[in-house]
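K.L.:
next one to model:
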Amino acid sequence: MDRLRPFFPKSHGKPRVDDCHVLSGIIFVNRNGLRWRDAPREYGPHKTLYNRWKRWKRWSAMGIFIRMMAGLATGKAEPRTIMIDATYLKAHRTASSLRFKKGGPGRLIGRTKGGMNTKLHAVTDRNGRPLDFFMTADQISDYTGAAALLDGLPPAEWMLADRGYDADWFRKALEKKGIKSCIPGRKSRGRPVKYDKRKYKKHNRIEIMFGRLNDWRRVATRYDRCPTVFFSAICLAATVLFWLWVLSLAIPCLLPCRSSRKT
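P.N.:
Numbering: from 1, shown residues only. Predicted coordinates for the structure are as follows:
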């Protein structure tokens, strides 16, 4: 909590419920995919958890979890080699059941043969820890996500990507930033593209990152209609999984010591 406390807004007027207590309940609900009313009583009233998470001018709307992930990643990432990729997240029917306002970004949910999905574009460091996200509907091309994440790329030496990102404009844009591209060429190219196959083998770490994010039930299946709230759930999961460390060796010390001898 000492690392997370600087990202929480200051309390004005009446003191609010303990941030650690509420954050633990929010993590529990998002991790297990529960309804807010099904949250255990130990975390307090479920309305308090819901209001702090989702209501207007609350943590999701203020971008608390987005800044939390970006702030913890600053200075601790290893961006010498970065990776980019995208994945599909299944959207529940309740996520797109209401109309959205005209002129807005919409629900960011696309209809395909596989159903309703949301597409998540990500950039990670060489260890597969996320640095930046971008969310679109699932029919949007990988090039659109690459163009949106291009300006926020950290200074790096190599960029690893699959052949879905094989485009001349993307290679030239990386070259202008001083980043070497390790991207296999498409089969439709007339000439084969040379790339470092040994270095490209590390690209599977971003796939592992997506797999770990899918362990969170409210990330693997989108229940939230608001794209900002769903994006906050993704950033919260990434923060807990990749940018917070718990000393596992200290856990057995909290357990009572049992002995077979009678005293």
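K.L.:
alpha carbons only for contacts and neighbour counts from here, please
P.N.:
Fine.
K.L.:
pretty sure residue 242 sits against residue 129.
P.N.:
Yes. Counting by Cα atoms under 8 Å, residue 242 touches residue 129, with 5.9 Å between them.
K.L.:
the two: who's more crowded?
P.N.:
Between residue 242 and residue 129, counted using other Cα atoms under 10 Å, the more crowded position is residue 129 (25 against 18).
K.L.:
got a list of what the spatially closest residue to residue 35 that is not a sequence neighbour touches?
P.N.:
Spatial nearest neighbour of residue 35, chain neighbours left out: residue 29 (7.1 Å); criterion: Cα to Cα, 6 or more residues apart in numbering. By Cα atoms under 8 Å, 6 or more residues apart in numbering, the contact list for residue 29 reads 35-36, 39.
K.L.:
and for residue 81?
P.N.:
With contact set as Cα under 8 Å, 6+ apart, residue 81 has these partners: 125-126, 156-160.
K.L.:
can you redo those residues as JSON lines with pLDDT, secondary structure and distance to residue 229?
P.N.:
Formatted as JSON lines, these follow (pLDDT from 0 to 100; DSSP: H, G, I helix; E, B strand; the rest coil; distance: Cα to Cα, whole Å):
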{"residue": "125", "pLDDT": "93", "secondary structure": "coil", "distance to residue 229": "25"}
{"residue": "126", "pLDDT": "92", "secondary structure": "coil", "distance to residue 229": "28"}
{"residue": "156", "pLDDT": "93", "secondary structure": "coil", "distance to residue 229": "31"}
{"residue": "157", "pLDDT": "95", "secondary structure": "coil", "distance to residue 229": "34"}
{"residue": "158", "pLDDT": "95", "secondary structure": "strand", "distance to residue 229": "33"}
{"residue": "159", "pLDDT": "96", "secondary structure": "strand", "distance to residue 229": "30"}
{"residue": "160", "pLDDT": "97", "secondary structure": "strand", "distance to residue 229": "30"}
